[in-house]
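Participant: Sequence and predicted model, in that order:
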Amino acid sequence: MPFRPKVHHARSSSAFRSAKTQAKHLLSDPERLRGVVDDALRKAERYKEGPLQDIWHSLNTAFRLIKAYANGSYRVIPWESMSLLVAAVVYILMPIDLIPDFIVGLGLLDDVALLGWVLKSISTELDAFVEWEKEDHAA
């Protein structure tokens, strides 16, 4: 049976606690937040045909949402949801987390599990953002 990290282990890890603290600071610094999203997008694109394939569409939406939040054009999301999303993005950039990324074949499993959980947790907010994008671009 393959090793599958449990999401609650990643959520309760010291790395995710650190990511949540960093997220709170990033949310008050739009320039740094955009930079973190750009870095995460570059990393994620390397794995979009692999481990991130099943969540790629939602993850890409999440990246757009964070950028819209950072530039001030979209703020219709609860602070807790935004903070959780940014923490998950910070977490995927951490090379040393619950399962270090350099462990080939396993290193991204905790990242994907955590991202999947966060994206599912905020799916209503992601759907609302997509609707906002459609309305905003239709006008």
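Facilitator: Received it, and whenever you're ready, just let me know what you need.

Participant: got a pLDDT number for Leu115?
Facilitator: Leu115 is assigned 89 on the pLDDT scale.

Participant: Could you report the separation of it from Pro51?
Facilitator: 10 Å (C-beta to C-beta, to the nearest Å). (Each C-beta comes from the backbone N, C-alpha and C, glycine too.)

Participant: more neighbours, the two?
Facilitator: A count of neighbours by other C-beta atoms under 10 Å puts Leu115 above the other of Leu115 and Pro51, at 26 against 19.

Participant: State the helix or strand in which the residue nearest the centre of the chain lies.
Facilitator: Most central in the chain under C-alpha atoms, centre = their mean is Val89, positioned 3.4 Å from the mean C-alpha point. For Val89, the host element (DSSP states H and E) is helix 79-93.

Participant: how far out from the middle of the chain is the next helix or strand after that helix?
Facilitator: As assigned by DSSP H and E, the chain's next helix or strand after helix 79-93 is helix 109-121. The chain centroid and the centroid of helix 109-121 are separated by 8 Å under C-alpha atoms, centre = their mean, to the nearest Å.
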